[in-house]
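Asks: sequence and computational prediction follow.
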Amino acid sequence: DGGITQSPKYLFRKEGQNVTLSCEQNLNHDAMYWYRQDPGQGLRLIYYSQIVNDFQKGDIAEGYSVSREKKESFPLTVTSAQKNPTAFYLCASSIDPGMSTDTQYFGPGTRLTVL
Amino acid sequence: EDQVTQSPEALRLQEGESSSLNCSYTVSGLRGLFWYRQDPGKGPEFLFTLYSAGEEKEKERLKATLTKKESFLHITAPKPEDSATYLCAVQPSLYNQGGKLIFGQGTELSVKP
């Protein structure tokens, strides 16, 4: 089955710890994205990558880091510098953002809670 | 500033009671407007993309329309399984932040039998 997988589904972090959220896709999509969702707010872009070994900051990149060593994978690290990391994290991918008809498809999400 | 506002925040309908959800937007050139459905605790599921004013798309009981300032998601004779949060997003065209989407806060729809 083609799709986007995120793991873990739930993640608990102690203050001061770094944690890494996994995102894998087997859709052969070039672009991958990380969004954060908070109650009552729209999804906000953290980082995106249009091609392997390249990524760009989104609107709320502070306290986060990413890597794109393989086309299929785009892990997100939430560092201890992120002041309020408790949220629902969503990974998405799209074929080619340069195409006018490009569509982003989302994974199932990871809920991160800081204890 | 690019912005998306959805209304109402929450909508309660009886089964079979048709209604519409609104998505108002201001954007520096519209590349596309997207509708997603999101069930609790899950990722958004793609529904429609609209590209130009006057365009309409349908899927089962859902119909999306687009004007130069807003989009409507019409729900005809809804069923309880249509209960979900519906998200609207726009993609600006005058700059391309890797295909960035700007999302509204969503409309939570509840359909009672």
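Replies: Received, thanks. Numbering: from 1, shown residues only, chains lettered A, B, ... in the order given.
Asks: tell me, how many residues neighbour residue 25?
Replies: Unless you meant another one, I'm taking chain A. 23 (other C-beta atoms under 10 Å in any protein chain shown). Where C-beta positions appear, they are placed from N, C-alpha and C, glycine not excepted.
Asks: I was thinking of chain B, sorry if that wasn't clear
Replies: Neighbour tally, B:Tyr25, other C-beta under 10 Å: 23.
Asks: beta partners of A:Ser73?
Replies: According to DSSP bridges, the residues that bridge with A:Ser73 are A:Glu24, A:Lys70.
Asks: can you pull the contacts of it?
Replies: Applying C-beta atoms under 8 Å, 6 or more residues apart in numbering or on different chains, one finds that A:Ser73 lies in contact with A:Ser22, A:Cys23, A:Glu24.
Asks: same check, this time on B:Gln14
Replies: B:Val111, B:Lys112.
Asks: tell me the pLDDT at it?
Replies: Listed pLDDT for B:Gln14 reads 98.
Asks: same thing with the one 4 residues further on?
Replies: With respect to pLDDT, B:Ser18 has a value of 98.
Asks: pretty sure it sits against B:Ala77.
Replies: Yes: judged on C-beta atoms under 8 Å, B:Ser18 makes contact with B:Ala77 at a distance of 6.1 Å.
Asks: please name the nearest non-neighbouring residue to the closest residue to chain A within chain B.
Replies: Residue nearest to chain A within chain B: B:Gly99 (2.9 Å; C-beta to the nearest C-beta). With C-beta to C-beta, 6 or more residues apart in numbering or on different chains as the criterion, B:Gly99 has its nearest non-adjacent residue at 2.9 Å, and that residue is A:Pro97.
Asks: number of nearby residues for the one you found?
Replies: Around A:Pro97 there are 21 residues (other C-beta under 10 Å).
Asks: where does chain B dip in pLDDT?
Replies: For chain B, the stretches with pLDDT under 70 are B:94-98.
Asks: what parts of it come near chain A?
Replies: For chain B, the residues in contact with chain A (C-beta under 8 Å from any C-beta of the partner chain) are B:4, B:31-32, B:34, B:36, B:41-46, B:49, B:51, B:87, B:89, B:96-106.
Asks: out of those, which are buried?
Replies: B:4, B:31-32, B:34, B:36, B:42-44, B:49, B:87, B:89, B:97-106 (16 or more other C-beta atoms under 10 Å in any protein chain shown).
Asks: so of those residues, which ones are in strands?
Replies: Taking DSSP state E, the ones among these that sit in strands are B:Val4, B:Arg31, B:Gly32, B:Phe34, B:Tyr36, B:Thr49, B:Leu87, B:Ala89, B:Ile102, B:Phe103.
Asks: any chance of those in CSV with distance to B:Lys68 as columns?
Replies: As requested, those are exported to CSV (distance: C-beta to C-beta, whole Å):
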residue, distance to B:Lys68
B:Val4, 14
B:Arg31, 14
B:Gly32, 14
B:Phe34, 17
B:Tyr36, 22
B:Thr49, 17
B:Leu87, 21
B:Ala89, 17
B:Ile102, 17
B:Phe103, 20
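Asks: quick one: end-to-end distance for stretch A:9-23.
Replies: 11 Å (C-alpha to C-alpha, to the nearest Å).
Asks: looking at chain A, which residue lies furthest from center?
Replies: The C-alpha centroid of chain A is most remote from A:Ser100, which lies 22.6 Å away (C-alpha atoms, centre = their mean).
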